[in-house]
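>>> Provided below for reference: sequence and predicted model.
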Amino acid sequence: MAEDLRRESLLMGLSINLAKTKVMTNINNLETLKLGGIEIEQVGEYKYLGQTLSFEDKTEKELKIRRANGWKAFWAQRSILKSNLKLKSKIRIFESTIVPVLTYGAQTWATTKKQLGKIQTSQNSMLRQLLGIKLKDKIRLEKIYTKTRAKRVGVIAKTLKLRYAGHLMRECDQKWNKILTLWIPHMGKRRRGRPRIRWSDELNRELGTTWKIQAKNRQSWKSLVSAYAQKWAAEGVTSEDEAHLPNVRGRANTAPNVTSSN
C-alpha cells in the first residue's frame, strides 16, 4: 500500500521525503517497510506539526516540551517583561507571545488535573518573575492574578478543547479526525491497573455524556463554552486551588446556567 502511494505520487509529480518518513506502530513483529528499496525506520515516538506523537505517556512528554518551550519564549522576552513598560502592556505581550506556546495543541490534550496543574504552575512562576515577586514573599496567587488581570493558562487550555470539540462534532461523519475520535475498539484487553485518561473523559466529567448532542448546535455550544470559561476563571482552576473546590462530578449543582438559543 505504501509503495503504491509512492508510485502514484510520482505520476503526479510528487515525491515522498524518505529521510523524514518514519513508521510508528503498536503492532509487535511488524515486517520491515520499504519504499523504493529503502528501509523505513521504526520509531517509538515522532514529532508531527509541532506535537510529539507516542504510544507511551504522549501527553506527559508533550506537556514537558510545552513548559520548556514556554520558558524559552519567556526568557526571549525578558528585556521587555523586565522593563519599565506599563503592566497592562507587559501582560498583553505575555498573553500574545508566551501563552500560545504553553497551550499549543491543547485541543488534543487528554490531561489529568496534576498534568494541567504543572502548566498552570509554570504560568504562576512566570508572572512572579514579571512582577519581581519571590516565593518567600508569600504573595497569594489571587492577588497576583487580580493585579495582572492575566487569564489562567489552565482555563485557556480547557476552553480551546471545548471549542475544538464543538467543531469536531459538527464535522462531516466521513472525516478521519471525527471517525478516530469517536472510534471505540472492541478487540483486545485493557492492561491491569487504572486505565489511561482518554480525550473525551474530561468532557464527560465536566459536561456529562450528552455533550456530543449539545455540540451540534453552534450557538448553544458557544454559550456553553463561554459559561464554563467564566466558571473556571471564577474558581481559579489551578493545581494549587482545586484542592479547595467542590467535586465537579455533580452536574446538577456545578454546571453553569446556559440559556439555549434555539
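Perfect, I can see it now. Numbers count the residues shown, from 1 in each chain.
>>> Of all the residues in whatever helix or strand K72 lives in, which ones are buried?
K72 belongs to helix 58-76 when assigned by DSSP states H and E. Using 16 or more other Cβ atoms under 10 Å as the test for burial, helix 58-76 gives K58, T59, E60, E62, L63, I65, R66, R67, G70, W71, A73, F74. Heads up, the C-betas are built off the backbone N, CA and C, glycines and all.
>>> So which one of the residues you listed is the model least confident about?
Lowest pLDDT of these: K58, 74.
>>> Residues in a beta bridge with the nearest residue to that residue once chain neighbours are set aside, which ones?
Using Cβ to Cβ, 6 or more residues apart in numbering and skipping the chain neighbours, the partner closest in space to K58 is T52 (6.6 Å). Here T52 shows beta-bridge partners K47, assigned using DSSP bridges.
>>> what's the distance between T52 and T148?
In this view, T52 and T148 are 31 Å apart by Cβ to Cβ, to the nearest Å.
>>> what's the answer for L203, then?
30 Å.
>>> and the one helix or strand A229 maps to, how far from the chain's centre?
Here A229 sits within helix 218-235, counting by DSSP H and E. Distance of helix 218-235 from the chain centroid (Cα atoms, centre = their mean, to the nearest Å) equals 17 Å.
>>> Check stretch 183-197 too.
With Cα atoms, centre = their mean as the basis, stretch 183-197 stands 22 Å off its chain's centre.
>>> Let me know the average pLDDT across stretch 112-126.
Rounded mean pLDDT across stretch 112-126 is 92.
>>> Name the residues that touch it?
Residues from elsewhere that reach stretch 112-126, judged by Cβ atoms under 8 Å, 6 or more residues apart in numbering: 59-60, 63, 66-67, 70-71, 74, 94, 98-99, 102-103, 109, 141, 144, 150, 152-154, 157-158, 197, 237-240, 242.
>>> For ChimeraX, what selects the buried ones among these?
Restricted to buried positions by 16+ other Cβ under 10 Å, the ChimeraX selection for those reads:
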select :59,60,63,66,67,70,71,74,94,98,99,102,103,109,141,144,150,152,153,154,157,158,237,238,239,242
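>>> dump the residue contacts of the residue nearest the centre of the chain.
Taking Cα atoms, centre = their mean, the centroid of the chain lies closest to A106, which sits 1.8 Å from it. Neighbour list for A106: I156, A157, K158, L160, K161 [criterion: Cβ under 8 Å, 6+ apart].
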